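Q: Fold the following and give me the result.
(2 chains)
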2 protein chains.
Amino acid sequence: MANIKDIAKMAKVSVTTVSRVLNDHPYVSQEKREAVWQAINESNYQKNINAVHLSTGKTHLIGVVLPFSNHPYFGLLLEGIAQEAVKNNYKLVLFQTNYEEARELEALDMLRYKQLDALIICSRICSWTKIRKYSHYGPIVFCEDTRDHPYSATFVDHYKSFEAALEYLADKGHQKIGYCIGRKNGSNSTNRALSYNNFIKRHKFPFRPDYIFEQCLHLEDGENVMKKMTTMKEPPTALLVTSDQVAAGIAAYCLTNHIAIPEELALIGFDNQPISKVMGITTMDIPLVPMGKNLFLQSLSKDVSYKEIDVTLIERTTV
Amino acid sequence: MANIKDIAKMAKVSVTTVSRVLNDHPYVSQEKREAVWQAINESNYQKNINAVHLSTGKTHLIGVVLPFSNHPYFGLLLEGIAQEAVKNNYKLVLFQTNYEEARELEALDMLRYKQLDALIICSRICSWTKIRKYSHYGPIVFCEDTRDHPYSATFVDHYKSFEAALEYLADKGHQKIGYCIGRKNGSNSTNRALSYNNFIKRHKFPFRPDYIFEQCLHLEDGENVMKKMTTMKEPPTALLVTSDQVAAGIAAYCLTNHIAIPEELALIGFDNQPISKVMGITTMDIPLVPMGKNLFLQSLSKDVSYKEIDVTLIERTTV
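A: Residues are numbered from 1 along each chain as shown, chains lettered A, B, ... in the order given. Take a look at the predicted model:
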């Protein structure tokens, strides 16, 4: 393989000029620049940018950890992260974990080995104890409330937003209120469960474990929820659904099966996904794209910052 | 910063053992492995994996070029790519281009600079002339028919699948058939336009440019199509919609505005996205997840291969 000296000779320029062209240095004439690239193409020489990393210590790669790459919630978050990455000339390395801890650890190891400049964990599996071992290798940023931990985060107060939605349903006269949630054990889910339990106690509504539907992530899960509900003697009259996708699945099932919304079943979704707008679903608006943008910017900074994002109710036609 | 010799001394093992631990070599006792990691953690030593790259020439990173990260079509494709990447212990570097050529060139440059082992271009912007300059730097894989070019591809025959859907609508008695498409100038769009034009000629249907709706990518675009259609004196009685998302947006608009499907407007979507199932939309099933898996496997191979994927019509309730 040709080296930088060979290229300089072929292009009839100095080694410095070749180096400048390779590093996008501005002070090189167009003529010389083209001569260098032509020589490079002819000689099949490749600048080994990994060698460049050794000198700068920067990879311009940011790792993004998410459970699924095809879920609209993470899709919008990733969109925000990607928009800001493009703007700042960074690339994203994707870690799709399917909520397996080993996959998250791989991402953390790449941070340790300096293959990434920082890591954005959109939904965490590892315990804080495990995460702590990686703290000094570079910024790790989260999409959950980390105010008890030394990591930056952009997050929503899920306790508060769940409470607001539940109280709205109670105001509308609902007493049998259920909810649909994704995974049971994430920190966001724990906060939501706490909020629900306190709400139930405050209003002296009976606690019905069968009003809580777990593993609700995708459109198709809405149908399963409805099938379970139709076998109940006393189904809930209102559902708080932590994903607009699932809420849309429920609304579509109700349309096909002539269950009147909101008369027979009231619905509040979460996220304000395009589908909730199109189907007229009342939802808690979580601005995921701006959140993604902020997560990216936090990942570039060594300073720890916490950014809470407000959630607002958008009234449409399902309550 | 400590080097590998310091670590060996601290852990009371040989330099070879440290190297084995760092490279996940199996023949190291658990005891020694832990001693090495403890020494590494205490000394704040980091294996610079970029230096490792210099010796192996492999990054275990595959670049994925897509226009948007939050579109369900690319979401499913990415899901397939990611599933196979996880299985083969590769990571993905995401390039969100928003269809800007410069972004695609960045990805190609990273291949040239050996920062990536291969590149998967899910939707191309650059001309083949530009792509050709990068051919010898590593595998470049496409999601379009490349049989005239020396690059692997997993693709759908868009001419044939468009034709099948159009003939199905004609069989059902439709003569005023329109279609919705994303960007106008992609190679897939060109094939679809050709298929439509030949269909029109074959059946001696009049060609109506206002029956072709461009820039239809997202759910919300369905509403715009319907708003245009309601101003037409002679609107199409059937629409072929190249994205289930857009078809779902159209179906939702029709529901809200009491336009009967299929009586007043017949609809065929594309992709067989979950939303088409939930809303009962007749669609052309494109198996995007298996396609993504195959794209990934092709990116690992230096041999060029072409894989055409069959598209099948799924009859539901909108025709």
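Q: measure the residue lying closest to A:Y99 once chain neighbours are set aside to A:S123 for me?
A: For A:Y99, ignoring the flanking residues on the chain, the nearest one in space by CB to CB, 6 or more residues apart in numbering or on different chains is A:P67 at 4.9 Å. Just so you know, the C-beta spots here come from the backbone N, C-alpha and C atoms, and that holds for glycine as well. A:P67 sits 5 Å away from A:S123, going by CB to CB, to the nearest Å.
Q: tell me the strands in chain A, going along the chain?
A: Using DSSP state E, the strands of chain A run over A:61-66, A:91-96, A:118-121, A:140-142, A:153-156, A:177-180, A:212-213, A:238-241, A:266-270, A:283-285, A:306-309, A:312-314.
Q: Excluding chain neighbours, what is closest to A:A35?
A: A:A11 (4.2 Å).
Q: you'd agree the one you found is up against A:E31?
A: No: using CB atoms under 8 Å, A:A11 makes no contact with A:E31, being 10.3 Å away.
Q: okay, the two: which has more neighbours?
A: Neighbour count, other CB atoms under 10 Å in any protein chain shown: between A:A11 and A:E31, A:A11 has more, with 22 against 9.
Q: Now do the shared contacts for A:P67 and A:S123.
A: A:F74, A:Y99 (CB atoms under 8 Å, 6 or more residues apart in numbering or on different chains).
Q: so how many other residues sit close to A:R132?
A: 14.
Q: residues in contact with it?
A: Contacts of A:R132 by CB under 8 Å, 6+ apart: none found.
Q: what sits against the residue nearest to A:A35?
A: Per CB under 8 Å, 6+ apart, neighbours of A:A11: A:T17, A:V18, A:K32, A:A35, A:V36, A:Q38, A:A39.
Q: ok, and the closest non-adjacent residue to the fifth one?
A: Right, the one you point to is A:V36. Counting by CB to CB, 6+ apart, the residue nearest A:V36 is A:V21, at 4.3 Å.
Q: what's the answer for the first one, then?
A: Counting by CB to CB, 6+ apart, A:K32 is the residue found nearest to A:T17 once chain neighbours are left out, at 5.6 Å.
Q: now that neighbour: how far from A:T190?
A: 61 Å.
Q: Between these two, which is the more surrounded one?
A: A count of neighbours by other CB under 10 Å puts A:K32 above the other of A:K32 and A:T190, at 17 against 13.
Q: my guess is that one meets A:V21, correct?
A: Yes: with contact defined as CB under 8 Å, A:K32 counts as touching A:V21 (7.4 Å).
Q: residues contacting A:T129?
A: No residues are in contact with A:T129 under the rule CB under 8 Å, 6+ apart.
Q: And it, how far from A:H149?
A: 11 Å.
Q: do A:L194 as well
A: In terms of CB to CB, A:L194 sits 19 Å off from A:H149.
Q: More neighbours: which of the two?
A: Counted by other CB under 10 Å, A:L194 and A:H149 do not tie: A:H149 has more neighbours, with 17 against 14.
Q: tell me, how many neighbours does the residue nearest to that one when sequence neighbours are not counted end up with?
A: With sequence-adjacent residues excluded and distances taken as CB to CB, 6+ apart, A:H149 is closest to A:W128, at 6.0 Å. Residues near A:W128, counting by other CB under 10 Å, number 12.
Q: Surely A:W128 touches A:P150?
A: No: applying CB under 8 Å, one finds A:W128 not in contact with A:P150, separated by 10.1 Å.
Q: How about the contacts made by the nearest residue to A:V93 once chain neighbours are set aside?
A: Spatially, and ignoring its direct neighbours in sequence, A:V93 is nearest to A:G63 (4.8 Å; CB to CB, 6+ apart). By CB under 8 Å, 6+ apart, A:G63 lies in contact with A:L92, A:V93, A:F95, A:A107, A:M110, A:L111, A:L116, A:A118, A:L119, A:I120.
Q: got it, and A:K184?
A: Counting by CB under 8 Å, 6+ apart, A:K184 has contacts A:E214.
Q: what's the spacing between it and chain B?
A: 22 Å (CB to the nearest CB, to the nearest Å).
Q: any idea how far A:K233 lies from A:P287?
A: With distances taken as CB to CB, A:K233 is found 40 Å from A:P287.
Q: Give me the more crowded residue out of these two.
A: A:P287 (18 against 4).
Q: A:I309 is in contact with that one, correct?
A: Yes: under the criterion of CB under 8 Å, A:P287 makes contact with A:I309 at 6.3 Å.
Q: overlap in contacts of the two?
A: With CB under 8 Å, 6+ apart as the test, A:P287 and A:I309 reach no residue in common.
Q: quick revisit: save the contacts of A:A11 as TSV, and put in pLDDT too.
A: Output for these, formatted as TSV (pLDDT from 0 to 100):
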residue	pLDDT
A:T17	87
A:V18	83
A:K32	88
A:A35	86
A:V36	83
A:Q38	79
A:A39	81
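Q: where along chain A do the helices fall?
A: With DSSP state H, the ranges of helices along chain A come out as A:4-11, A:15-22, A:30-43, A:49-56, A:72-87, A:101-112, A:128-132, A:158-171, A:187-203, A:221-230, A:244-256, A:274-278, A:288-299.
Q: what does the last one rub up against?
A: If I follow you right, that is helix A:288-299. So helix A:288-299 is contacted by A:62, A:73, A:76-85, A:88, A:90, A:117-120, A:122, A:139, A:141, A:143, A:152-154, A:156, A:271, A:305, A:307, A:309 (CB under 8 Å, 6+ apart).
Q: Based on its surroundings, how many neighbours for A:Y151?
A: For A:Y151, using other CB under 10 Å, the count is 22.
Q: tell me the mean pLDDT for stretch A:243-250?
A: In this model, stretch A:243-250 has a mean pLDDT of 96.
Q: one step back: and the residue nearest to A:H149, how far from B:F74?
A: A:W128 is 34 Å from B:F74, by CB to CB.
Q: Equivalent analysis for A:K58, please.
A: With CB to CB as the criterion, A:K58 and B:F74 are 29 Å apart.
Q: neighbour-wise, which of the two wins?
A: A direct count of neighbours by other CB under 10 Å for A:K58 and B:F74 places B:F74 higher, at 24 against 11.
Q: Double-check that one against B:C122; I have them as touching.
A: Yes: counting by CB under 8 Å, B:F74 touches B:C122, with 6.0 Å between them.
Q: Can you check which residues contact both of these two?
A: Joint contacts of B:F74 and B:C122 (CB under 8 Å, 6+ apart) are B:L66, B:P67.
Q: Is it possible to get TSV of the strands of chain A that adds distance to A:Y27?
A: TSV is the format used below for these (distance: least, CB to CB, whole Å):
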stretch	distance to A:Y27
strand A:61-66	28
strand A:91-96	26
strand A:118-121	31
strand A:140-142	37
strand A:153-156	40
strand A:177-180	60
strand A:212-213	64
strand A:238-241	59
strand A:266-270	53
strand A:283-285	49
strand A:306-309	40
strand A:312-314	51
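Q: And those, which one averages the lowest pLDDT?
A: Lowest mean pLDDT within these: strand A:91-96, a mean of 92.
Q: From the contact counts, what lies against it?
A: Where contact means 3 or more CB pairs under 8 Å, 6 or more residues apart in numbering or on different chains; DSSP states H and E, strand A:91-96 is packed against strand A:61-66, helix A:72-87, helix A:101-112, helix B:72-87, strand B:91-96.
Q: now the residue nearest to A:T17: how far from chain B?
A: From A:K32 over to chain B (counting by CB to the nearest CB), the distance is 19 Å.
Q: got the contact list for that residue?
A: A:A11, A:V13, A:T17, A:V21 are the contacts of A:K32 under CB under 8 Å, 6+ apart.
Q: 10 Å instead, please
A: Contacts were defined as CB atoms under 10 Å, 6 or more residues apart in numbering or on different chains; by that measure A:K32 touches A:A11, A:K12, A:V13, A:S14, A:T17, A:V18, A:R20, A:V21.
Q: how many neighbours does the closest residue to the fourth one other than its chain neighbours have?
A: Translated: A:S14. Spatially, and ignoring its direct neighbours in sequence, A:S14 is nearest to A:A8 (6.0 Å; CB to CB, 6+ apart). If you count neighbours by other CB under 10 Å, A:A8 ends up with 18.
Q: Noted, bye for now.
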